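> The sequence isn't on hand, but the structure is:
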Ligand SMILES: Cc1ncc(C[n+]2csc(CCOP(=O)(O)OP(=O)(O)O)c2C)c(N)n1
Ligand SMILES: Cc1ncc(C[n+]2csc(CCOP(=O)(O)OP(=O)(O)O)c2C)c(N)n1
Ligand SMILES: [Mg+2]
Ligand SMILES: [Mg+2]
């Protein structure tokens, strides 16, 4: 167990996997000489060479589509979208091609590729560089979806994703790269299983990616005020571990879902439905969704921060749910 | 009040609006000489000329993007995506540009355009021509979303959309074009308001687009069996008429949501959450989601039909909810 | 009858054309899965010419009008027809259909229903070949209409930039649905355009399969050496866009003229007769053999087992992965919660 | 001091450069909204040269590196700087930021943070002009890296096909982030490529604002007559990709050489001196005036009112439309249900 940043853990996952599996290649804008826009692949060009760490032109549809074809023919490509917002130009290749090829072709082939991207707010990067678009991906059958919130998960989930037979969309968070934490490479992966990051008895808080940390901080504060919240980190949204979430809510009777994506039509709605379907007769209150406002992300730092959940608002909402 | 097909009603809406508003232009693949892949714009080239009915190359990102720019500069473009599945290639222009321009630019300008497309199953058109992708659109603030299920709504909603200040994604259903019904052009539009298509007391069935007809047929059958279902047609998903849905469920205590989109991460999940949030203490049962399977749409006619809700399964599910 | 190469090409093209004719029959007999059937009649020369220029181990992607290409690369017409019927014995088990026939063992990475969508797939296969040191060329087949999809140019640039073993084949049948190519593109010299992206560009007469094969062979040889190419083949779409389209947007006179001018099957027949390689009687033998083969394909498809409902949930994810939970089961669980 | 056109161009370019310098200062002083600030130092000639070739009523879109262009089209540097600060007095009320400055009254349809994303917007404006019979040209500004985005080619084709009053301006600063243009594109003669899409293609030396203006004027005149054009202007990105990027991926020697070679401000200054249009003292006057103007812009931005929190919900939809329901209110309602 060592201390690492989220960024370094991702790099380690890629590097360890590439050392073990010669079929893995990275491709994307600036992944090579520049070391990645968020420095995730820094130094990897030097170790693995330009044949395996491929700087692409600014052609997301093209290179994501090439990753699809490469994945069908012996490579295991890791394509990087610099911002998840750029899904807009590459969505056909992900949702119509990568996701459907195995099924459409009757199981003849698979598309073992990864699409890495990063999303979320925190840099005043504006409406086209700050989105959380996981809901688009979660809706499409055939796409796995991982959203690590911790350093160890950044490593474990990415390494495991690199062994799967299917396309995995792997969404990092721009505000987590510099975050440090314990990196335990030998921890069991438990792919597709949620983790209870903090056990509690009165309220289940469900989240993923960066918001997990907001939730844990909020739960600490709530604990200090005598309110005992359980915090569940989903880790992957496909597979979605409905069982762990439902079991927790059956225990606590109350659920707060926290997501950085827009409220309407977002992941929080899916989770709310899953909870109501799984724990209906145990619910003391309706599952509550604390998600991003239904507005584009503004660039003003104050407005940007106000557009997404905060620790304070998680605490305040928990209080309301617990009628305190 | 006359009888019309859904297709003809759409054409009438476009034509009446274009006669009244010279700034409206149609553009898209085959909208002109061919008359539209589903014959919606048949004959319109002859009436309005090539300056206003514009056949485009197969360049969805390009011409949708042009519609955005045209909408900012005095035209009111109606861009047609031949299949909603092609959102994959044009999503950037819709979700990153059209949806956000007013907000990003501080309200200086709007993007009064329509993106028409059609979706859904029924033609064995396969995995890339049969999707119901409304969930992607519903999640993006700034985009209005209309999904008419009836002939009159096809007319009314499209005409009203052509007066709005913001981009409207207008999703038709490929299996409705030939459907006939009463066309009442002078009916009040009630944009953004759901309509109770069938009043009932024991169960609220919420749906939109083609599934409305499945629901109404199922409700008739249920009526024959002594079960009284209310059927709500949402008509638009943005604005979403939460009030009407919630009021109905507060009355019936039970909700069945029927959608042709995939279950996971879909519109049905949002509606489930809305219902639980709005009518929690009135609920006798959890809101139930009957949506498309979480699989790509298969081409085999039998499998295709099995992948989405059917009248029989709506009836069967209602029976289960009513414990009958 | 001599067993010449010229006759072989004739037979292959006739097989393509007859197959498509029988797809129409399958439809009329109610045996097809839906009516979105895009026939490649008139495009036999690019299919057979390029297919013959390819080697075993080469790969390709195609488009919504791809039947002939796959057939020319060795596909079993029975299993193709069964797929068009949406039957279990089809190449994709009846889940793909006419627009998504694929056969990995023959190098077919699949037909695609998104115009231009399959092009980067092929270039990705070329990237694999180069990266893994395999001697395999990848060919992307697409229509003239696809030249207006941006992803094609992104793919061209990367193929050229990275010197990939790739060939772009534009089957110019002069129409994208009802839009004649000159209403879709300001310039039509696409081979010159491809050159400005760094590809070797050539044009071939789509009535002459031997010319197509020659040009394709030159370009594939170049591609194998790391100089990717672009080939445009001028043809004509003999019939409507899809099986039911009657082409009201073009003159019958044009159709008659163009079909006469661009019929690769008839052209090859004339050539064989002119060169003394065959006499009328020879063709009758071939025609009968081919007709029998394709009739059998139709009967096979009609008799084929339907795809079982249980297949709805399979192959969404790979082997060993749990299938998606059926909706009805989730409803039952919710009502028991 | 004479008030010559040459001096005016010099002043305008200096205003651009100084503005960008002060954006850096704003950042250092902690006054900018974030650090995604893409400075256009080195790109003054395409900004000013093309802006001067445009007429009142002409429109344009630009990209993430678009400050100079808007300034050259008449924007108020105070309101631009305030927008970069994310303040209420900015062009977009602090909601857009550096990458999304827009000003409809000046024909600026906005800067765009999606590479290539704003190009079809401009062509759509050209469609409006043609359809409505307005005498207005639309210019799409973008970088060399955007030449690898497919939507650019889709836009070129439609502009040419429909003879729209449009001009594509590629500001070739030789890099897309850390990737030199020859690592992104197999061929670099983009003006020839544009010709194959039916545009009139020209290239200009980005060190010479007068040459840029001349070429742009020719192309805009053509565009106005329905013959759309493409102009590539060769420049150099003097600094890193964004404010904080130190360009470790390129040699300092290259930077020094290229900056010397491609400094349009210095070039114009030399020309003015050589032609006897100005003496050193004249420049000092201009420099001081410009510095004062841009210093004032920084102070304005720093002092500007912050965007009020209530603005979070405004302008998602148009006038008269209900704003989105705030999340907290929905939570309260749910807990009261
Ligand atoms: C992205 C996309 N846009 C539009 C369509 C609808 N469509 C299917 S085929 C076709 C025409 C294609 O023309 P071309 O590429 O020349 O191929 P052809 O049909 O002539 O073989 C169109 C517009 C599609 N399938 N995908
Ligand atoms: C679609 C898209 N892909 C990638 C990016 C990230 N990105 C921002 S600027 C840039 C480089 C652009 O290069 P160029 O077009 O030459 O403009 P320059 O920065 O040189 O002015 C990249 C890759 C983006 N903003 N949008
Ligand atoms: Mg064609
Ligand atoms: Mg550049």
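Perfect, I can see it now. Being a predicted model, the structure only gives us computed values, none of them experimental. Ligands and ions are numbered 1, 2, ... in the order given.
> Please make it C-alpha for all contacts and neighbour counts, starting now.
Noted.
> Chain neighbours aside, what residue packs nearest to residue A:90?
Closest residue to residue A:90 apart from its sequence neighbours, by CA to CA, 6 or more residues apart in numbering or on different chains: residue A:61 at 4.2 Å.
> Tell me how far the helix or strand hosting the one you found lies from the chain's centre.
Using DSSP states H and E, residue A:61 falls within helix A:60-71. Counting by CA atoms, centre = their mean, to the nearest Å, helix A:60-71 is centred 21 Å from the centre of its parent chain.
> what about the strands in the chain?
Reading this off chain A. A:2-5, A:24-28, A:53-55, A:76-80, A:114-119, A:144-146, A:168-173, A:180-183, A:195-198, A:203-207, A:229-233, A:236-238, A:255-262, A:288-292 (DSSP state E).
> look at chain C instead
Ranges of strands within chain C are C:59-62, C:108-111, C:138-143, C:166-172, C:175-176, C:179-180, C:200-205, C:229-234, based on DSSP E.
> Throw these into CSV and include mean pLDDT, mean neighbour count and distance to ligand 2, thanks.
Listed next are the strands of chain C as CSV, based on pLDDT from 0 to 100; neighbours: other CA atoms under 10 Å in any protein chain shown; distance: least, CA to the nearest ligand atom, whole Å:
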stretch, mean pLDDT, mean neighbour count, distance to ligand 2
strand C:59-62, 98, 30, 26
strand C:108-111, 98, 28, 27
strand C:138-143, 99, 28, 24
strand C:166-172, 99, 28, 24
strand C:175-176, 98, 20, 28
strand C:179-180, 97, 19, 30
strand C:200-205, 98, 21, 26
strand C:229-234, 99, 28, 26
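> would you list those strands in a markdown table and tack on distance to residue B:75?
Below are those laid out as a markdown table (distance: least, CA to CA, whole Å):
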| stretch | distance to residue B:75 |
| --- | --- |
| strand C:59-62 | 38 |
| strand C:108-111 | 38 |
| strand C:138-143 | 32 |
| strand C:166-172 | 34 |
| strand C:175-176 | 27 |
| strand C:179-180 | 24 |
| strand C:200-205 | 40 |
| strand C:229-234 | 38 |
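> Tell me the predicted confidence for residue 19.
Using chain A. Listed pLDDT for residue A:19 reads 98.
> Chain C is the one I meant
98.
> How much space separates it from chain B?
Distance check for residue C:19 against chain B: by CA to the nearest CA, to the nearest Å, it reads 20 Å.
> How about the contacts made by the residue nearest to that residue when sequence neighbours are not counted?
Sequence neighbours aside, residue C:294 is the residue nearest to residue C:19 in space, at 5.7 Å (criterion: CA to CA, 6+ apart). Listed by CA atoms under 8 Å, 6 or more residues apart in numbering or on different chains, the contact set of residue C:294 reads C:15, C:18, C:19, C:22, C:77, C:78.
> what do you get for residue C:106?
Taking CA under 8 Å, 6+ apart as the contact definition, residue C:106 lies against C:56, C:57, C:59, C:73, C:74, C:75.
> and residue C:133, how many neighbours does it have?
By the measure other CA atoms under 10 Å in any protein chain shown, the count of residues near residue C:133 is 9.
> Could you pull up phi and psi at residue A:38?
Per-residue torsions, residue A:38: phi -110, psi 20 (degrees, to the nearest 10).
> If you rank the contacts of residue C:294 by neighbours, which is first?
residue C:19 (29 neighbours).
> wait, what's in contact with it?
Residues counted as contacts of residue C:19 (CA under 8 Å, 6+ apart) are C:68, C:77, C:294.
> What's the local residue count around residue A:47?
12.
> so how far is chain B from it?
35 Å.
> So for that residue, what's the pLDDT?
So, for residue A:47, pLDDT stands at 98.
> gap between it and residue D:18?
Computed as CA to CA, to the nearest Å, the residue A:47 to residue D:18 distance reads 42 Å.
> Single out the residue in chain A that lies closest to ligand 1.
residue A:92 (8.7 Å; CA to the nearest ligand atom).
> Can you get me a residue count around residue C:281?
Neighbours of residue C:281 (other CA under 10 Å): 10.
> Same question for residue C:326.
Residue C:326, neighbours per other CA under 10 Å, totals 16.
> cool, and residue C:276?
9.
> still on that earlier bit, any idea of the pLDDT on the residue nearest to residue A:90?
Residue A:61 is assigned a predicted lDDT (pLDDT) of 98.
> Could you pull up the contacting residues of the residue nearest to residue A:315 when sequence neighbours are not counted?
Residue nearest to residue A:315 in three dimensions, not counting chain neighbours: residue A:218, with 5.3 Å by CA to CA, 6+ apart. Contacts of residue A:218 were listed using CA under 8 Å, 6+ apart, and they are A:311, A:312, A:314, A:315.
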